[in-house]
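[1] Build me a structure from this.
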Amino acid sequence: MARYAYAPLSVDESQSSSNNRRRSASTSRNEGKVNERMPTFVGLCILIAITFVLSRSGGNTIGAGNNVGGTGSVNSPVDVDVDVPSVPAAVGGETAQSNVRSGSNYVVPVGGSPVNTASNTVNTASVPSNNNYPTISNNEADTAAGPVIQIAPPSDTTPSNNVPFATNLDTSNNSGCNCPEPDLAALRAKALASTPPHIIECKDAEAGSSQSACHLPSSTRYAALKQKGATLWMTGCSGAGKTTIATALEDRLVKAYGKHVYRLDGDNLRTGINRDLTFSEADRAESVRRTGEIATLFADSGVITLVGLISPYRGDRDAVRKRHEEQGIPFYEIFLDVPVDELKKRDPKGQYARVESGELKHFTCIDDPYEPPLHPEITLKTHELEIEQSADILFKRLEMDGILVGAPKMNPPGLPNPDGDEMVDLHVPSHLREERMREAETLPKVLITDLDLNWLQVIGEGWASPLKGFMREGTLLEVLHFNSILVDPFNLTDNKDIHSERTNFNEFKPYRPPDRVSMSVPITLSCTSFTKNEIESSPHDAVALTTQMGKIVAILRKPEIYNNRKEEIVTRMFGVIDMGHPYIKEIYKGGDYLIGGDVELLDRITYNDGLDQWRKTTSELMEEFKSKNADTVYAFQTRNPTHAGHAYLMRSAGENLKEEGYKNPVLWLSPLGGWTKEDDVPLDVRVKQHEEVLNSGLSHPGGLDPATTVMAIWPSPMVYAGPTEVEFHAKSRRSAGASYFVVGRDPAGMKGSELAVAHPDDDLYDGDHGRYVLRNSPGIGSMKMLSFVKVMYDITDNVMKVPDESRMDDFISISGSKMRLLARNGAVPCSPTNIPTDLVEANCVPSGFMVPKGWDIVVDYYRNIDASRWVPWSRPQVEPGADARTFHEGKFGTGSFQLKHRDYTSFWHDVPLRPAGQPDDVVNFVTEIPLRMTAKMEVQKTLPGNPIGQDSNSDGSPRYYTYGTPFFNYGYIPQTWEDPELKDSLGNGGDNDPLDVMEIGSQRLEMGSISPCRVLGHLELIDEGEMDNKIICIALSDPDANVIRTMEDLERIKPGTIDRLRDWLKRYKTSDGKPENSLASEDPTRTNEALELINETHNRWKNLCGKGTGYVSGDHGFWLDAPGCKGQ
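    Numbers count the residues shown, from 1 in each chain. Down below sits the predicted model:
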């Protein structure tokens, strides 16, 4: 049994020995009892007697001296000598006492309320003769509710013996009065019964109903106070520990959490509000009632009210509960259940000993009854608990029920509100999706990369709550400078939409938002000058976010465009100088501008990579935690396969949480799913390995219990920003229901590149800083941290655990680098009974290190690390959207992709120059890059069949346009060739490709499609010293084809198109860090000139195929063995 030292309430219950619980109304008056209960009872008897005289005489007033019923002033004291029968007056001594006000006269109508009067006085005390008091007329008195009794104000001659009003009464003629002792309990009960439950407090409320309309709404008050009001009613026998536990809880809540708390107990109540009460049953009931009313008011004001009263009678406590329920105030009945024998052992004030000796009678729980609660919210067996354990149980209940936060509870007990107290789900409702998609087609298009798509998913699904869009400039500044943002979710300061409004640097609202939430990582969307111009020239106040593959995925409202201050962002975000850092390189690759604004997701973001079943929104994940009846959730982030050491830490964390009082802690296995650097373990390898960990359950030391584990991919990119980033990792998990985050050494860190100034090839961040910063970060709220501990492999039982310092020879360390080497070598399981000291030399892995099937997946990856089948991170796996007459080989988005035509052997040589039956100004246009797609697709001149494939960068990665979303379909004219020997007037030769085409219609032409296209003119681009002509045409299938036949028509029907084409051609490579191109002429040619160019390049193609009059060297490397070229 735990040692426990509780101090009982400082209330001497010895007075109860002179009071019977129920007293007979016929018991004769006893001066000792009167003195014990209240000396003012004498004054009460006199007051009742006067009332009786009034009712018999029919007089309206009783005056002083000979002025009875008349007017005048009080000049001398009055002796009253009357017999006072028992009358049913609802006026008690304490009521009369409470109605006295200094400096004025008050009357108490029988059965009515106090009334100020100027006559009809009864002098019940010695009053100086020089005091004149005004009187009221008989008519005025007649308006009172019955006979009145005037009580003189206190005077300087009133004795100071704490017996008000009746002290100087001349009772010499009352010696024969046989007055019964007033039954104050009955009078009190009658008064309460006749009092309406709700007194009208303002014109907006009605009698007998709630008066909440007259007060600040509770939700507003609680939000401002950052806590809710509640009453914790601690009941139990004397010495059970009510005051002690309440004091400990109050201490923690006030000092550690800054909460508004007040403790009510016998000491402070009987000092004041309950000073007039004894320990009779009726007075105990009144004590409970008064305390309950006070607690109700306190809790309604937002105070966490701790009540420590024996309150022995169940009915009294239930009445208090009812009052709280009527007001919608949380009420917790807490039963301190301690055996009487234990209470007798504690007995620090010797009260139980006095009971045993017979000195004390009618002692609650001994010879007076105690009615224990039938269904208390909490039962504390304090004799089995330490004081802090008891306080901790109460604290956790308040925390689980959301009492310690001001916002309404949005999730089940134990699961936190999302950060910022807002559920964020930005998906457009299904019934509005079609309408929004039609709108998006009309808006300027903003290109988002696959990395941007990850961030869009983070925003739209609520992982960055309360953020509702890409950051505006003001929001970004807060993040960079404070690692947090100020929010006002309940509009207390008129700042609810501060992060949805355009940043205003000239005007500020009178008050700042009141709440700070963690937001340490910039979530921004960059764009180029091309996109900026597209937005600013649009009549719309919204843009459509479009992926690299041309899919519109979201609408961004009220765009705010501002400078992309890359150096400032990098410096503040990372705190290191390393131009080789992978995410820093991504920032510098972005455009010169940033776009902020709230977003609407047009559909759920999916990746079609076989892992979408593990992608859950924050709302879905919360529902899964609910289905497992979680009372707390702890998240474990992974960027590597899970071995038995990880599993040990996760299981141990769950056991520790149970020891803290949680019944059903649930583990969230949370693999990071967004963008990662190239050498990280691919997402699909990690997820599939985790699946085997769950499939193994607890049958293997490296397994996890699926009944208490949820696996869900966290969609965020990894930015490798060390302590700054780990704050976001924790905050984001909280938004989906986690209260605990497991943090290891050097979270979110990495080694510096060879370009790092201070730490080349060394850790950029100190390994201990991440945990420290997370624990002390602003706005992190109630999120708690669980730290890693070092674990090693115990060869005696094949289990990973915390090493035993007394037998370190039995433990071996298996580092990440050693695990990777063993996997690359295809290591097999070691003998369970003979584990070698050098695992690498033996090429074996201990059987308890990782679940067997999970290890097989890891080995497969490391032995085939260069294969293209892996899914490094969440990138859309999409079909090419190609023409129905085509087919493809390989994976779209990789170098293996090849698109071929079913009817033609070669896309270049076999498709005719012109469609049959069309005039000369119409040519065949082969689409390489459909409208809005940025994947740089082009015909492969050297491959058999000349398929369409994706161009690559110098490092071999797939190439994409980064300048913006193309507003044209792009491709080429078959059977043409820009011969390098063909020079323009400036001496620039052809670019050695088929003649390029920019189709300016409004409809998307699918990849590989062959479309008749009317030639309008062309622009000559000078690209790195080469002539790269661009034919401008419009597909005959376009709705505007009949009205656009010349360049002049184009500018008339689609004004600004030529300027957009010029801008694109000159600047589209600048976003990749390359210099601007130039145009041979700013003015496009007319149709005839463009047709001459087409015919010339067609003839050059004939020469290439050996069908023309000219000679072409054979060292070009092109595949020409197509039927239309050199094939037979």
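[2] average pLDDT for stretch 923-939?
    Stretch 923-939 carries an average pLDDT of 96.
[3] can you check stretch 339-352 too?
    On average, stretch 339-352 scores 91.
[4] With stretch 673-691 instead?
    If you average the pLDDT values across stretch 673-691, you get 96.
[5] Could you point out the helix or strand that follows the lengthiest strand in the chain?
    If you go by DSSP state E, the chain has its longest strand at strand 1010-1023. Under the assignment DSSP states H and E, the closest C-terminal helix or strand after strand 1010-1023 is strand 1026-1035.
[6] just the angle between the longest strand of the chain and strand 1026-1035, please?
    150 degrees (axes from the mean of the first three to the mean of the last three C-alpha atoms, to 10 degrees).
[7] Could you check how far strand 1010-1023 is from the centre of its chain?
    53 Å (C-alpha atoms, centre = their mean, to the nearest Å).
[8] Around the closest residue to residue 259 other than its chain neighbours, how many other residues sit close by?
    Nearest residue to residue 259, sequence neighbours excluded (C-beta to C-beta, 6 or more residues apart in numbering): residue 253, at 4.2 Å. From N, CA and C alone the C-beta is placed, and that goes for glycine too. Residue neighbour count, defined by other C-beta atoms under 10 Å, stands at 22 for residue 253.
[9] Please report how far residue 244 lies from residue 265.
    Using C-beta to C-beta, to the nearest Å, residue 244 is found at 10 Å from residue 265.
[10] Tell me the strands beside the longest strand of the chain, with direction?
    The partner list of strand 1010-1023 in its sheet, established with DSSP bridges, is strand 922-929 (antiparallel), strand 1026-1035 (antiparallel), strand 1078-1079 (antiparallel).
[11] What ranges in the chain fall below the confidence cut-off?
    1-179, 196-198, 208-211, 1127-1128 (pLDDT under 70).
[12] Which stretches in the stretch 451-600 of the chain count as helices?
    Secondary structure of the stretch 451-600 of the chain by DSSP state H, counting those that start in this stretch: the helices cover 473-482, 529-536, 566-574, 582-589.
[13] so can I have a markdown table of the ones you listed showing mean neighbour count and distance to residue 1013?
    Formatted as a markdown table, the helices of the stretch 451-600 of the chain follow (neighbours: other C-beta atoms under 10 Å; distance: least, C-beta to C-beta, whole Å):
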| stretch | mean neighbour count | distance to residue 1013 |
| --- | --- | --- |
| helix 473-482 | 19 | 43 |
| helix 529-536 | 19 | 24 |
| helix 566-574 | 17 | 40 |
| helix 582-589 | 18 | 34 |
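[14] May I see those organised as CSV, with distance to residue 1018 added?
    Rendered in CSV, the data for the helices of the stretch 451-600 of the chain read as follows (distance: least, C-beta to C-beta, whole Å):
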stretch, distance to residue 1018
helix 473-482, 41
helix 529-536, 21
helix 566-574, 37
helix 582-589, 31
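[15] right, so of these, which gets closest to residue 865?
    helix 582-589 (17.9 Å; C-beta to C-beta).
[16] angle of that closest one against helix 566-574?
    Using the same axes, to 10 degrees: helix 582-589 against helix 566-574 is 160 degrees.
[17] So which residues make contact with helix 582-589?
    Here helix 582-589 makes contact (C-beta atoms under 8 Å, 6 or more residues apart in numbering) with 451, 566, 569-570, 574, 578-579, 675, 677-678, 717-721, 962, 1071-1073.
[18] same thing but 7 Å
    Helix 582-589 is touched from outside by 451, 566, 569, 570, 574, 578, 677, 719, 720, with contacts defined as C-beta atoms under 7 Å, 6 or more residues apart in numbering.
[19] from the residues you listed, which is closest to residue 1043?
    For the contacts of helix 582-589, the nearest to residue 1043 is residue 451 (41.0 Å; C-beta to C-beta).
[20] what's near enough to touch the nearest residue to the closest one once chain neighbours are set aside?
    Nearest residue to residue 451, sequence neighbours excluded (C-beta to C-beta, 6+ apart): residue 675, at 4.6 Å. By C-beta under 7 Å, 6+ apart, the residues touching residue 675 are 451, 454, 717, 718, 873.
[21] looking at the residues you listed, which has the most residues close by?
    Most surrounded of the contacts of residue 675: other C-beta under 10 Å gives residue 717, at 25 neighbours.
[22] How about the contacts made by that residue?
    Here residue 717 is in contact with 451, 454, 455, 674, 675 (C-beta under 7 Å, 6+ apart).
[23] how far away is it from residue 454?
    Residue 717 is 5 Å from residue 454, by C-beta to C-beta.
[24] Identify the contacts common to these two.
    In contact with both residue 717 and residue 454: 674, 675, using C-beta under 7 Å, 6+ apart.
[25] Compile the contacts of helix 582-589 into a markdown table and extend it with columns for distance to residue 560.
    As requested, the contacts of helix 582-589 are exported to a markdown table (distance: C-beta to C-beta, whole Å):
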| residue | distance to residue 560 |
| --- | --- |
| 451 | 21 |
| 566 | 18 |
| 569 | 16 |
| 570 | 21 |
| 574 | 25 |
| 578 | 30 |
| 677 | 31 |
| 719 | 23 |
| 720 | 28 |
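[26] closest to residue 181 among these?
    residue 719 (80.9 Å).
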